[in-house]
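Enquirer: quick one, structure for this:
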Amino acid sequence: MKRHVLEITTALLLLISILGASPALAQDPLRENRLCLTCHGESISYTLPSGEPLSLYVDEDTFHASVHGQQELACIDCHTDITEYPHDYIESWSKRDFQLDQYPICKRCHPGQYELILDSMHMQELAGGNQGAAICTDCHGAHNVTPPDQPRQKISLTCGKCHTDIFEQYKGSVHGEALLEEGNSDVPTCVDCHGVHNIHDPRTATFRSDSPKLCASCHASAELMDKYGIAHDVFETYVADFHGTTLQLFEPDPDTPPRQAVCFDCHGIHNISRVDDPETGLGIKENLIATCQKCHPDAAANFPDAWLSHYEPSPEHSPTIYYTEIFFTILTSSTVVALIGHMTLDFGRLLAKRLGSGKY
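Expert: So this is what the prediction gives:
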């Protein structure tokens, strides 16, 4: 009985493959997909040479709900090498080899994104022999592709599948808590800092030199910072400070990371906390001293008092410096005006003297 059913099924599939070549059928991707799902809609698998089972099952509802399903793409739009039944044997050794063999399919419809990833950190790792480096389907899925940023939390959750330790740090940070617990769309996700398909090594000297501008893309926005009562002149005050000024003055060497402190040296990278956090917040003087001592091991308790904490001097913040600046501004201006006046009077005296002597 089982043999009889198998013969009927085989004959049916052969007929399907013949009909699948007809122009009328090719114009109906939904019907064509149903024919593929005659087999692939069942729990079937293939044993690879490595001994691993490779599932060939595709859930119809999941695919139809995906981005590709909504666009009514046919199976053979991606699997263009499938032209007849029985299909050719899978030549991949292992499950990961199969994934690596298949993901370039994405290039056919997404050439721009594919070109970007070729120079990315992930592809450098892959070229170096790390088969665990992320490829298209690791982030986006295969038959279950959905918008990668809906909801926005999905972005960092996707990165967290591989970067688990970093994700745990980010999850507890001021950015991560706001995104993952509150759904705040204003805070940065992984890709806002690292890029999407063109992710480069963040450990390079160039990334370090450019990092203050990266932070400034949010923290220098008055409109965004005003929503949360955060000062928006942090970048300007950083550039005006010794660290930022020296960083701006010297041309960065791509092979030598700058020694000047940048934002993440003080605030952290993925574990950025609120400034008023009692354990790590830089608004707490004890925490600030400990941070300064990373670079200035001899820093005493009053060392941070020389820093304005990103504030512009004002009567409320650093009044001594504020009024000293006013005093010296007035003094300097008055001195310049007096000097110009003195020179003008002296020139007038000399001119009058020469005119009186008849030499002109």
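
Enquirer: got the CA coordinates for stretch 326-336 in PDB?
Expert: Output of stretch 326-336 as PDB, limited to C-alpha atoms (Å, rounded to 0.1, in the frame of the first residue of the first chain):
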ATOM      1  CA  ILE A 326      32.900  88.700  32.500                       C
ATOM      2  CA  PHE A 327      35.600  90.600  34.500                       C
ATOM      3  CA  PHE A 328      38.400  89.700  32.100                       C
ATOM      4  CA  THR A 329      36.100  90.400  29.100                       C
ATOM      5  CA  ILE A 330      35.400  93.900  30.300                       C
ATOM      6  CA  LEU A 331      39.100  94.400  31.400                       C
ATOM      7  CA  THR A 332      40.400  93.200  28.000                       C
ATOM      8  CA  SER A 333      37.900  95.300  26.000                       C
ATOM      9  CA  SER A 334      38.600  98.300  28.100                       C
ATOM     10  CA  THR A 335      42.300  97.900  27.700                       C
ATOM     11  CA  VAL A 336      42.000  97.600  23.900                       C
END
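
Enquirer: the residue lying closest to His79 once chain neighbours are set aside: how many residues sit nearby?
Expert: Distances taken as C-beta to C-beta, 6 or more residues apart in numbering put Ile105 closest to His79, at 7.6 Å, once the chain neighbours are dropped. In short, each C-beta sits where N, CA and C put it, glycine included. For Ile105, the neighbour count with other C-beta atoms under 10 Å is 17.

Enquirer: so Ile105 sits right up against Asp77, yeah?
Expert: No - using C-beta atoms under 8 Å, Ile105 is not in contact with Asp77; the gap is 9.5 Å.

Enquirer: hang on, the earlier thing: helix, strand or coil for the residue nearest to His79?
Expert: What DSSP: H, G, I helix; E, B strand; the rest coil gives for Ile105 is helix.

Enquirer: how close does it sit to Glu223?
Expert: In this view, Ile105 and Glu223 are 42 Å apart by C-beta to C-beta, to the nearest Å.

Enquirer: then Ile155?
Expert: Relative to Glu223, Ile155 is positioned 23 Å away (C-beta to C-beta).

Enquirer: how about Lys95, nearest residue that isn't a chain neighbour?
Expert: Glu52 (4.7 Å).

Enquirer: pretty sure that neighbour is touching Trp93, no?
Expert: No - between Glu52 and Trp93 there is no contact under C-beta under 8 Å: 9.2 Å.

Enquirer: look at the two and report which has more neighbours.
Expert: Ranked by neighbour count (other C-beta under 10 Å), Glu52 and Trp93 place Glu52 first, with 16 against 13.
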